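S.K.: got a structure for you, letters missing:
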């Protein structure tokens, strides 16, 4: 991000513009909406500039900008429509401490003015770093169609009411109050009674929400998917947008955590197989503590929370505390991993069932129905199986599985650094060791990747057959 977006307080500040033609007028159409002191220097000003000066909206000096004219100015616009004159006036401005914008010259400007959707005091600024002005205009047009003009009136009335709304607890209670006002009761009241209706709606809503403020918070058990932020469900995205507290697994990708509210408290409660982990009782206590305090808690789990996520234990803790909850399912790692292999989990004539297994549980390596798994045509998606590979291999071979049964390892499924390693049951443990996979791995027993040329993506295949 080359240009960092900010909103600058220009009330009473000097903004100076050099130029007397159409470019200057175009900038002033926006600048005159501010509360700045606008001063224009132009040797041959357009008649509309003289009109603005006569109306008291700008101060007009009918000569070229000179040294000393910019002392105390915060912003300067060079709109002379002449490259040499723009360079001259911009040099004066920089020397005298003003930030410089040269119209239609992004490279030499120190700041840019974005496309703006004006619903005063609601302002939306759109910038593309000068790469696609047509795109900025298209976004502006779409937002102007979607944001009703009444939004400005609602915001002005609401702004004056903010001290009253501070009677509500910070966080969820206040957000629900304002959402009710801006998206439900407020627009209806303005439509019926104008500004007076908006004020009356606020008074009535505050009483209603104060009576509800003492209730406990809420917990969403949300599946973050396998890691690719584009695989996050719309419902999961909405939950993150409302969260006061996000208690997340260690493996949640940074781009997904970035989608949470900026004000949300982020708490990592990670678990590592056979390594340092947050105790489950401590995680349960964290969820309950924040929810009892009235927070909207998102318990964010990798993949789908209902698959090897110890979800029942957390639900039981929340229910025992009398807190409301819901489950927001996510895409489980097996679905992402099989997509990476370019395969289907089931295939007519091959297998009519898929087993989801875990390589280890709280007591160590997990035992399963090995005899059933060893039958020809069986398919299993094995979670947390990397450290258990030699154990799994030995059990299956011991119970008669074909040593040539294909096995696929998918590391970091769905992420840019995804890797796929193919093996056979006979040498799966050695191939896995040689591959030195360091990320989370899902193992598919009974399925091989499609040929590299037929797969979408650039995968590493290590065949030791």
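M.R.: All right, it came through fine. Bear in mind the structure is a predicted one, so any value in this text is a computation, not a measurement. Numbering: from 1, shown residues only.

S.K.: hey, let's count contacts and neighbours off CA atoms from now on
M.R.: Noted.

S.K.: Which of the helices and strands in the protein ranks last by mean pLDDT?
M.R.: Least confident helix or strand, the chain: strand 360-361 with a mean of 78, by mean pLDDT, DSSP states H and E.

S.K.: Adjacent strands (with direction) for the helix or strand following that one?
M.R.: Once the chain leaves strand 360-361, the next helix or strand it forms, by DSSP states H and E, is strand 364-365. Sheet pairing of strand 364-365 (DSSP bridges) gives strand 360-361 (antiparallel).

S.K.: got a list of contacts for the strand it pairs with?
M.R.: By Cα atoms under 8 Å, 6 or more residues apart in numbering, the surrounding residues in contact with strand 360-361 are 366, 384-385, 388.

S.K.: can you check stretch 113-120 too?
M.R.: With Cα under 8 Å, 6+ apart as the criterion, stretch 113-120 contacts 123-127, 136-137, 140, 143-144, 149, 151-152, 155-156.

S.K.: secondary structure class for residue 177?
M.R.: Assigned by DSSP: H, G, I helix; E, B strand; the rest coil, the conformation of residue 177 is helix.

S.K.: and the closest residue to it other than its chain neighbours, what element?
M.R.: Sequence neighbours aside, residue 209 is the residue nearest to residue 177 in space, at 6.3 Å (criterion: Cα to Cα, 6 or more residues apart in numbering). Per DSSP H and E, residue 209 falls inside helix 195-212.

S.K.: Show me which positions of that helix end up buried.
M.R.: Neighbour-count burial for helix 195-212, counted by 16 or more other Cα atoms under 10 Å, picks out 195, 197-199, 201-202, 205-206, 209-210.

S.K.: As TSV, those residues with pLDDT and distance to residue 406 would be great.
M.R.: TSV is the format used below for those (pLDDT from 0 to 100; distance: Cα to Cα, whole Å):
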residue	pLDDT	distance to residue 406
195	82	70
197	86	70
198	85	67
199	85	69
201	85	66
202	87	65
205	85	63
206	85	64
209	80	60
210	78	62
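
S.K.: Among those residues, which one sits closest to residue 258?
M.R.: Proximity of the buried residues of helix 195-212 to residue 258 (Cα to Cα) peaks at residue 209, which lies at 29.7 Å.

S.K.: I'd say that closest one and residue 172 touch.
M.R.: No. Residue 209 is beyond contact range of residue 172, at 10.9 Å (criterion: Cα atoms under 8 Å).

S.K.: Residues touching the helix holding residue 209, excluding its own?
M.R.: Outside of helix 195-212, the residues within contact range by Cα under 8 Å, 6+ apart are 153-154, 157-158, 161, 165, 167-168, 173, 177, 180-181, 185-187, 189-190.

S.K.: thinking again about what came up before, let's see which of the contacts of stretch 113-120 end up in helices.
M.R.: In helices, defined here by DSSP state H, the members of the contacts of stretch 113-120 are 136-137, 140, 143-144, 151-152, 155-156.

S.K.: For ChimeraX, write the selection for the buried entries among the contacts of stretch 113-120.
M.R.: Filtering these down to the buried ones (16+ other Cα under 10 Å) takes a single ChimeraX command:
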select :126,127,136,137,140,144,151,152,155
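
S.K.: Pick out the lowest-pLDDT one from the contacts of stretch 113-120.
M.R.: Confidence by pLDDT is poorest for residue 149 among the contacts of stretch 113-120, given 81.

S.K.: Phi first, then psi, for that residue.
M.R.: The phi/psi pair for residue 149 (degrees, to the nearest 10) reads phi -60, psi -30.

S.K.: for it, what are its contacts?
M.R.: Applying Cα under 8 Å, 6+ apart to residue 149 gives the contacts residue 119.

S.K.: That one and residue 317: what is the separation?
M.R.: According to Cα to Cα, to the nearest Å, residue 149 and residue 317 sit 47 Å apart.

S.K.: ok, now residue 297?
M.R.: Going from residue 297 to residue 317 by Cα to Cα gives 14 Å.

S.K.: what about the two, which has more around it?
M.R.: residue 297 (31 against 17; other Cα atoms under 10 Å).

S.K.: correct me, but that one touches residue 290?
M.R.: Yes. Contact criterion Cα under 8 Å: residue 297 and residue 290 qualify, at 6.9 Å.

S.K.: overlap in contacts of the two?
M.R.: Between them, residue 297 and residue 290 share the contacting residues 217, 245, judged by Cα under 8 Å, 6+ apart.

S.K.: okay, and for the stretch 351-465 of the chain, where does confidence drop off?
M.R.: The stretch 351-465 of the chain contains residues with pLDDT under 70 at 362, 451-465.

S.K.: any idea how far the spatially most central residue of the chain is from residue 306?
M.R.: The residue lying closest to the centre of the chain (Cα atoms, centre = their mean) is residue 259, at 2.2 Å. Distance, residue 259 to residue 306, using Cα to Cα: 22 Å.

S.K.: for the stretch 1-150 of the chain, what spans make up the helices?
M.R.: 22-31, 47-54, 83-95, 133-146, 150-165 (DSSP state H, counting those that start in this stretch).

S.K.: Nearest to residue 72, out of those helices?
M.R.: helix 83-95 (10.2 Å).

S.K.: doesn't residue 407 fall inside a strand?
M.R.: Yes. Looking at residue 407 with three-state DSSP, it is inside a strand.

S.K.: Bridged to it, which residues?
M.R.: residue 423, residue 445.

S.K.: same thing with residue 77?
M.R.: residue 17, residue 101.

S.K.: Tell me if I'm right that it and residue 105 touch.
M.R.: No. Counting by Cα under 8 Å, residue 77 does not reach residue 105; the two are 11.0 Å apart.

S.K.: who's more crowded, these two?
M.R.: Neighbour tally, residue 77 and residue 105, criterion other Cα under 10 Å: the higher count belongs to residue 77, 27 against 13.

S.K.: ok, now how distant is that one from residue 368?
M.R.: From residue 77 over to residue 368 (counting by Cα to Cα), the distance is 73 Å.

S.K.: Then residue 392?
M.R.: Counting by Cα to Cα, the separation of residue 392 from residue 368 is 10 Å.

S.K.: who's more crowded, the two?
M.R.: Neighbours were counted for residue 392 and for residue 368 using other Cα under 10 Å; residue 392 has more, 23 against 14.

S.K.: Without its sequence neighbours, what residue ends up closest to the more buried one?
M.R.: Take residue 392 and drop its neighbours on the chain: the residue closest to it by Cα to Cα, 6+ apart is residue 359, 7.6 Å away.

S.K.: Tell me where the model's unsure across the stretch 101-250 of the chain.
M.R.: 213-215.

S.K.: what do you get if the cut-off is 50, keeping everything else the same?
M.R.: Within the stretch 101-250 of the chain, not a single segment meets pLDDT under 50.

S.K.: Which parts of the stretch 201-350 of the chain are helices?
M.R.: So, for the stretch 201-350 of the chain - with DSSP H, counting those that start in this stretch - the helices run 234-242, 254-257, 280-292, 311-320, 333-341.

S.K.: and those, which is most packed in?
M.R.: Neighbour counts (mean count of other Cα atoms under 10 Å) averaged over each of those peak at helix 333-341, with a mean of 23.

S.K.: residues in contact with it?
M.R.: The contact list for helix 333-341 (Cα under 8 Å, 6+ apart) reads 225-226, 303-304, 344-345, 381, 410, 413-414, 420, 442, 448-450, 455-456.
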